[in-house]
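# Fold the following and give me the result.
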Amino acid sequence: MGHLAPMSDGSRILDIPEDQWSSEQKEAIEALVQGRGRLLTPYRVWIHSPFVAQAMERLGTFLNKKSSLSEREVELGIVLTAKHWAGEYVFEVHVKTCLSLGYPQAVMDAIRNGQTPPFDNPRERSIYELSQVAQQPGPGSEQVFDSAVANLGRNGLAEALALFGYYSAVAIAMKLHRVPVPGRE
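Numbers count the residues shown, from 1 in each chain. Next comes the predicted model:
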């Protein structure tokens, strides 16, 4: 199953030694590794509540591997959510993934600087616009909502909104636990 290695100095993650795992934690860790292939850092926060860890794994694995959203759309949604929460770890890791998926550096720079990037792809534009209205009070404009439904379908809309919520939890957990940004340790 593997050992939960300690984080770098300054992190607030409290790892549980393997010999102290409850039966629920053992079961959750097995499910986490099976679903994601490894124990991702946010689950080291959530394993203190095995039910939360397993629920988050099911949702996260679905959103990342089985939803109707493309990998590019998922990664864009993650970057936009991490930017909103000032979740530097999540932002930096997923910007790299976006770049590897073909997003121009200028798009990532615009997001980093709080500017509206250009999108040729209407689905990606809808992910961007949805994230912006989701981060503001109120229901957002009819135009953004109707465009998202037209471009993503109701299932894609539901999945995008769940993605924003899931990655809000990830970004918040990582920043509050002071997880170091890769390459900045």
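# And stretch 103-114, what's buried?
Buried residues in stretch 103-114, counting neighbours by 16 or more other Cβ atoms under 10 Å, are found at 103, 107, 108, 111. Every residue, glycine included, has its C-beta placed from N, CA and C.
# hmm, who's touching it?
With contact meaning Cβ atoms under 8 Å, 6 or more residues apart in numbering, stretch 103-114 is reached by 72, 75-76, 79-80, 83, 91, 95, 98-99, 116-119.
# any idea which of those residues has the most stuff around it?
residue 76 (31 neighbours; other Cβ atoms under 10 Å).
# ok, now how distant is residue 125 from residue 183?
Distance of residue 125 to residue 183, given as Cβ to Cβ, to the nearest Å: 30 Å.
# correction: residue 108
Counting by Cβ to Cβ, the gap between residue 108 and residue 183 amounts to 16 Å.
# Quick one: mean pLDDT over the helix of greatest length in the chain.
For the chain, the longest helix by residue count, based on DSSP state H, is helix 142-176. The predicted model assigns helix 142-176 a mean pLDDT of 97.
# Numbering from 23 from now on, please.
Got it, first residue is 23 now, which makes that one helix 164-198.
# List the buried residues in that helix.
Of all the residues in helix 164-198, those buried under the rule 16+ other Cβ under 10 Å are 166-167, 169-170, 173-174, 178-179, 181-182, 184-186, 188-197.
# so what does it touch, helix or strand wise?
Counting contacts by 3 or more Cβ pairs under 8 Å, 6 or more residues apart in numbering; DSSP states H and E, helix 164-198 packs against helix 63-68, helix 72-87, helix 93-106, helix 110-122, helix 144-156.
# Can you tell me the closest non-neighbouring residue to the spatially most central residue of the chain?
Nearest residue to the geometric centre of the chain (Cα atoms, centre = their mean): residue 189, 3.2 Å. Using Cβ to Cβ, 6 or more residues apart in numbering and skipping the chain neighbours, the partner closest in space to residue 189 is residue 103 (4.2 Å).
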